[in-house]
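Colleague: Just need the structure, nothing else, for what follows:
(2 chains, ligands or ions: 6)
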Amino acid sequence: MNEIPVGAPRSQIEVQIDGKQVKAVEGATILNICQKEGIDTPTLCWAENLTPVNVCRVCVVEVEGSRTLVPSCSRPAEDGMVISTDSDRVRKSRKLVFELLDSSVDMDRSTTEVKEWMEHYEVDSSRMGSKNEIATVAQPPKIQDSLYVRDYERCILCYKCVEACGEDAQYTFAIATAGRGFDAHISTEFDVSLPDSACVYCGNCIGVCPTGALVFKTEHDMREEGTWDEETQEVTTTVCSFCGVGCNLELHVQDEKIVKVTSPADHSVTSGHLCIKGRFGWQHVQS
Amino acid sequence: MSDLKFGTEEPTAEEKTAIDELLSEIGPAEIKLDERFVVSGRTRVKDRRRLLLPALHELQNTSGWISPGGLNYACKVLGIPPAEAYGVATFYHLFSHESPEAKDLIHVCDDVACRLFGAETLIEDLKDSGHKVKPSPCLGQCERAPSVLIQRTNKKDLTAVAESNNSLTAVNIEQVLTSETLTPQMTVPQKGSEGLSLLSRVGVVDPESIEGYMKFNGYDALKKALTIGPDKVIEEVTTSKLSGRGGAAFPTGVKWRAVADQVGRPRHLVCNADESEPGTFKDRTIMEGDPFALIEAMTIAGFSIGAEQGWLYLRGEYPVAAERLENAITESRKNGFLGENIAGTEFNFDIHLYKGAGAYICGEETALFNSIEGFRGEPRNKPPFPTTHGLFGEPTAINNVETLVNVLSILTLGGDKYAMQGTGNSTGTRLFCLSGRVVNPGVYEHPFGITLREVIETAGGVVNSKKIKAILLGGAAGSFVTSNYLDLPMTLEDTREAGVSLGSGVVMVFDESDDLPDTVRRIAQFFRDESCGQCVPCRVGTVRQEEVLARFTRNAPFDTDEELLEDLSVVMKDASICGLGHTASGAVLSAINLGLLERTR
Ligand SMILES: Cc1cc2nc3c(=O)[nH]c(=O)nc-3n(C[C@H](O)[C@H](O)[C@H](O)COP(=O)(O)O)c2cc1C
Ligand code: SF4
Ligand code: SF4
Ligand code: SF4
Ligand code: FES
Ligand code: FES
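Modeller: Ligands and ions are numbered 1, 2, ... in the order given. Reported below is the predicted structural model:
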């Protein structure tokens, strides 16, 4: 993940992005260039610590000569590419893709940045019909243990949890996409409960979920009670003391209680991923 | 890495035997230590994982469903995480995930052609007589609608069609169940006439006999290929200007050259026989009527691109074609035309037959690769393209059945002679699938350049000389046209200019009494049901599109609905991953533009 590639030095390429000539290393994605140039680009299924699956399509940009828009998160930039990230065509696609999600999924507990993008693109899905007349993924949350909740009516099927549980981090493969089309959903085999599945409660899936579909039981309960208050929470960084690996932990504290634990995605040891002890061990400390 | 965790359910004795027999293909059912950790994505344990789809077929056929015990066992011996295997199993319509209520499941096509001919009545009829029924998308037998596939437990699947349109009843289906005969369904009204090339042997030779095939020039083209060498074969194909018949009309010679020039090995030749585009049944006709021709053509293609492995991906709903192709592969092996040292040369080539399991999207080339590899049939983002990163991530040429079979006459005639048929860049002949309100539905072969009117007239014109209301051209992924287009020459150039497409050769005729809003809504439902669900514009866009059309058929659209359809169309085309999303709105929008959604009754 953080290996330094060996071999021939990578050559420089030059692209034009929103009218500006910029240089980049060969192999960089269009998104990498956007980020370097400070061009805010929405992403839902991309994360720096996961392999791109390019399924959400909110990151699309226009590339001259291409019949369709292209996903910036996974398309390597090529020398001479002419890219527009804010054309009418791009804005129209991004807006409607957000609206399609908003019409079928409960996006209320999305991360702050997701909410900001939705505001930026003036997302309004009302013309698709009211939620009780049209197909949505509404369903009761799965509460199967005391550690975390899977609330799939908030799931946008970004595949991040599947990747984090599988070959991008955990190699547990407890969950996968099942079903097809609009019925596609994240599931264990035969939908068995998490305790009966291969899940080892590393919580890495929680760490990557952008819409609040996967949350700590504490957070779920506090939100249901109306006591969850992100504004008053403080985050302290510490090194996990359960073993000698040296994982960075970020403890989120509200009213002097730990309410959830994360790890920074850019951390060299964890890349954002932890194990059950780091992620949930505090529950024993506290109780 | 951690060990995989499996469930505790046990397989039945029959399930265990079925899986063990399948595995005997690659050695004993034990996991070698260094293969324990199966990784998807880049590093794939391909020999084992690629047995997942066949294993699921075994389980379904043995027990009538994918049972937890059976799946668990398959996962253990193949080294696949159960959650992933469940994800694969639930991707396909032909696999059940609940203990079956009956031994036979009757799939009744209620798609565009069949619903004109009493599909819905047949469904009710069958239900009333106590059968387990499932409405199905197009079963590729539209020429004798309505059509039926009977999926059975522990027995071979059966098909049934109407003797003439409109005449299938529950009684007929019960007769098929009792007699258990697999009647060939192909309908080729031009059978035996002069000037046929692709259809010359269909209905004329015994499709089960290699001797019969040899008498009708069988394996002459392969022998010629082996003499002139791979480069010359590709040269002839390039000179012929043969273009793909699977929908995208890509030049075949260019594709083969690109694969032949790859340094990477092994290389693969894949035949796309997933034929699931509503209204299409031409590939089935060839495979049922002239299966050896496809095997020979695949062998030539493999030879020319330097592949030793051929993969034939056949849609799961074609039991007759499956049986005949299996036989053709076996017979060809016995006679030295497949396997090692083909026809006494250094060339080795063999063919794996893979059966799909009910998923239109698996006809998309990269989804097809994933399906063979034992993953969900989700298309991959392109680039990279199959010529460099195809099956198992290796260089691959993938072609449609009809495309490949053309290679036989290209080699016997010579590329330049072949190119004299048809017009300009639309060379050769083309198969047309005629269905709906024509007098003689079936598969027809015509040179490119024939007009739409002539195509319909050759099929006897419209039943009862009624007026044509619309023609679905190119399939559900194509578009509707009206009688204003009857003089359109059927060439790649002319259709492109007119903003339509020949697609897979579908010509489905609707007359003035047909309920077009209902047809258009069914097309929208097709895309809704068949989207793989991977990307948002298509997964949700096809649903919203179908909802709008349902409102139209109820005569209660929102004021903004036409605009919504247009926006959905733009964004599905622009932002979807694959061709399904790109074409999902084509027929719908054409219907609106032609005013076909206005209710006249
Ligand atoms: C949704 C979808 C379904 C497709 N289904 C088929 C099919 O059933 N058969 C086929 O030959 N090509 C199908 N194609 C086209 C293939 O992706 C591919 O272009 C074709 O197999 C190439 O062969 P050709 O060059 O001989 O046409 C489909 C494409 C899409 C996007
Ligand atoms: S907690 Fe860990 S093991 Fe369990 S599903 Fe999430 S990522 Fe997989
Ligand atoms: S649960 Fe969260 S991370 Fe997983 S697919 Fe859904 S939205 Fe993405
Ligand atoms: S366009 Fe549709 S079928 Fe194609 S990848 Fe996206 S969701 Fe799947
Ligand atoms: S972020 Fe690029 S497709 Fe999702
Ligand atoms: S078989 Fe019914 S529409 Fe094709």
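Colleague: how close does the closest residue to ligand 6 within the stretch 251-400 of chain B get to residue B:206?
Modeller: Closest approach between the stretch 251-400 of chain B and ligand 6, counting by CB to the nearest ligand atom: residue B:278, at 5.6 Å. Every residue, glycine included, has its C-beta placed from N, CA and C. Separation of residue B:278 from residue B:206 (CB to CB, to the nearest Å) stands at 31 Å.
Colleague: Could you do residue B:365 as well?
Modeller: The value you get for residue B:365 to residue B:206, if CB to CB is used, is 33 Å.
Colleague: Specify which residue of these two has the higher count of neighbours.
Modeller: Residue environment comparison for residue B:365 versus residue B:206 gives the larger neighbour count to residue B:365, 26 against 11, counting by other CB atoms under 10 Å in any protein chain shown.
Colleague: what kind of secondary structure is the closest residue to that one other than its chain neighbours in?
Modeller: Distances taken as CB to CB, 6 or more residues apart in numbering or on different chains put residue B:398 closest to residue B:365, at 4.8 Å, once the chain neighbours are dropped. Residue B:398 falls in the strand class when you classify it by DSSP: H, G, I helix; E, B strand; the rest coil.
Colleague: in terms of contact, does residue B:398 touch residue B:267 like I think?
Modeller: No. Residue B:398 lies out of contact with residue B:267 (CB atoms under 8 Å); the separation is 11.5 Å.
Colleague: Please compare those two by neighbour count and tell me which comes out ahead.
Modeller: Applying other CB under 10 Å to residue B:398 and residue B:267 shows that residue B:398 carries more neighbours, namely 25 against 21.
Colleague: What pLDDT is listed against the more buried one?
Modeller: Here the pLDDT value assigned to residue B:398 is 98.
Colleague: now the strands for the stretch 151-287 of chain A?
Modeller: Assignment of strands within the stretch 151-287 of chain A using DSSP state E, counting those that start in this stretch yields the ranges A:176-178, A:185-187, A:214-216, A:234-239, A:248-254, A:257-262.
Colleague: Including mean pLDDT, could the ones you listed go into JSON lines?
Modeller: Output for the strands of the stretch 151-287 of chain A, formatted as JSON lines (pLDDT from 0 to 100):
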{"stretch": "strand A:176-178", "mean pLDDT": "97"}
{"stretch": "strand A:185-187", "mean pLDDT": "98"}
{"stretch": "strand A:214-216", "mean pLDDT": "95"}
{"stretch": "strand A:234-239", "mean pLDDT": "92"}
{"stretch": "strand A:248-254", "mean pLDDT": "93"}
{"stretch": "strand A:257-262", "mean pLDDT": "91"}
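Colleague: what's the closest of those to ligand 2?
Modeller: Of all the strands of the stretch 151-287 of chain A, strand A:214-216 comes closest under CB to the nearest ligand atom, at 7.4 Å.
Colleague: Which strands or helices does the closest one pack on?
Modeller: When contacts are defined as 3 or more CB pairs under 8 Å, 6 or more residues apart in numbering or on different chains; DSSP states H and E, strand A:214-216 packs onto strand A:148-150, helix A:204-208, strand A:257-262.
Colleague: anything in the second one near chain B?
Modeller: Read it as helix A:204-208. No. Contact check for helix A:204-208 against chain B, using CB under 8 Å from any CB of the partner chain: none in range, with a minimum separation of 12.2 Å.
Colleague: Which neighbouring elements make contact with that helix?
Modeller: Other helices and strands packing on helix A:204-208, by 3+ CB pairs under 8 Å, 6+ apart, are helix A:160-165, strand A:214-216.
Colleague: Now that helix: average pLDDT?
Modeller: For helix A:204-208, the per-residue pLDDT values average out at 92.
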